[in-house]
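S.K.: got a sequence here, can you build the structure:
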Amino acid sequence: MKPTDSELEILHVLWSNGPSTVRQVHEKLSQSRDIGYTTALKLMQIMHEKGFVSREEDARSHTYTALVSEEATQRNLVDRFVETAFRGSASKLVMQVLGQHKASREELNEIKNLLNQINSSDESN
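M.R.: You can find the predicted model right below:
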């Protein structure tokens with residue numbers, strides 16, 4: 001199961017700030033978009049039911065913690081996106097991204113290093 005866009009926004013807050021109350025998440029989200037407190041609360045309750053977050057109940061508040069890692073979530077979203085939008089072709093995805101987005105010299109160097117690492121591990125197998 002993949003998180004919705006709104007759930008992903010909440011996960012980003014939890015990944016960045018660590019365990020947080022609904023109020024803390026709401027305050028962070030309110031900086032970039034108009035979202036009501038009860039909407040944030042309902043989303044986080046749904047996320048708890050889905051198993052995306054855990055909830056620790058205190059006398060006055062609930063603290064939520066992400067149960068899914070950022071890396072695993074990104075990997076799952078990318079895998080699904082490559083399968084659905086690019087028919088499983090990672091090279092088509094990369095070509096599309098590089099064709100639409102001007103990569104910095106640093107980003108291109110990171111990509112080259114990653115490709116070299118992949119080639120090195122393939123050759124050693």
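
S.K.: which element, helix or strand, includes the nearest residue to A85 once chain neighbours are set aside?
M.R.: Among residues not flanking A85 along the chain, L93 sits closest, at 7.5 Å (CB to CB, 6 or more residues apart in numbering). No exception for glycine: its C-beta is placed from N, CA and C like everyone else's. For L93, the host element (DSSP states H and E) is helix 90-100.

S.K.: residues of the next helix-or-strand element following that helix that come out buried?
M.R.: Sequence order places helix 105-124 as the next helix or strand after helix 90-100, per DSSP H and E. Judged by neighbour count (16 or more other CB atoms under 10 Å), helix 105-124 contains no buried residues.

S.K.: how far out from the middle of the chain is helix 105-124?
M.R.: 23 Å (CA atoms, centre = their mean, to the nearest Å).

S.K.: swap in stretch 97-110?
M.R.: Using CA atoms, centre = their mean, the offset of stretch 97-110 from its chain centre is 21 Å.
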